[in-house]
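Engineer: Need a 3D model of the following:
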Amino acid sequence: MNHVEVCLTPELIHQFELKDKIVVAVDIFRATSCMVTGMAHGVEAIYPVATVEDCFALGKDKGMITAGERGGAKIEGFTIGNSPYEYMKDEFKNKSIVVTTTNGTRTILASLEADQILIGAFLNLKAVADHISSSQKDVIIHCAGWKGTVNVEDTLFAGALIEEIKASHHFSGDPALMALELFKRNAHDLLEISKQSSHAKRLATFGIGKDIEFCMNQSLYSVLPEFKDGKLQVI
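Structural biologist: Reported below is the predicted structural model:
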């Protein structure tokens, strides 16, 4: 049986061996939730980049839609911010988006040594779990956290995914155990505990409570984005 580990923040990813493993990058509030939503609504490709400057440059050179935030707020001059509702627009179908965020894009780009990088969210939980269960590969769930610290919502997702793949993967390490127990104790109302998180309270100052609620929907979409050759595409 294969193993699944949890990295609670990108600050700790250097402690994990990524080679020959699947990494599931997750930033529930809100980067990976946006990415899953966009691809479910017909976005052709998403290019995660590290800096605002890179995002502007690629957007200009390739005529891409620019998206992202810093500290939760939309970046001035970008087409859209970091709300999943913005990624649903019909005008973005068959288009490419270049995105940079405070935590999520950093998490993806810090996972490059993995054999495969998947984009996970509660919104596509079953699709992620089904792929992993049939993969016969060890897995690392890489949580974005918040500016190097651990957060509740990404840890909840890690626990939920561990529960989903328990028939094919044993969890390994204390972070995985903590994530699983956090999920089990709150499985009856994940939205309630997620609303108590520091990140949710921080985002609430921007008046985006509907984003928080939407991001906690489980398996709403069947798409599974993979990061490969600098971009996300559905596999």
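Engineer: quick one: the strands in this structure?
Structural biologist: With DSSP state E as the criterion, the chain has strands at 2-7, 22-26, 45-48, 65-70, 73-74, 96-100, 116-120, 139-143, 169-171, 225-228, 231-234.
Engineer: would TSV of the ones you listed with distance to E213 and mean neighbour count be doable?
Structural biologist: For the C-beta atoms, the positions are set from N, CA and C on the backbone; glycine is no exception. Output for the strands of the chain, formatted as TSV (distance: least, CB to CB, whole Å; neighbours: other CB atoms under 10 Å):
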stretch	distance to E213	mean neighbour count
strand 2-7	25	23
strand 22-26	18	28
strand 45-48	23	24
strand 65-70	19	23
strand 73-74	20	15
strand 96-100	22	26
strand 116-120	19	26
strand 139-143	20	29
strand 169-171	28	20
strand 225-228	22	20
strand 231-234	24	19
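Engineer: Worst mean pLDDT among the ones you listed?
Structural biologist: When mean pLDDT is averaged over each of the strands of the chain, strand 73-74 scores lowest at a mean of 88.
Engineer: Run through the chain and note the low-pLDDT ranges.
Structural biologist: 203-207 (pLDDT under 70).
Engineer: 50 - rerun?
Structural biologist: Under the criterion pLDDT under 50, no range of the chain is flagged.
Engineer: coming back round to it: go through the strands of the chain and name the closest to F157.
Structural biologist: Distances from F157 to each of the strands of the chain were compared using CB to CB; the shortest belongs to strand 22-26, at 5.2 Å.
Engineer: quick one: strands adjacent to that closest one?
Structural biologist: For strand 22-26, the pairing partners within the sheet under DSSP bridges are strand 116-120 (parallel), strand 139-143 (parallel).
Engineer: Looking at these, which is nearest to C34?
Structural biologist: Each of the strands paired with strand 22-26 has some distance to C34 by CB to CB; the shortest is strand 116-120, at 9.9 Å.
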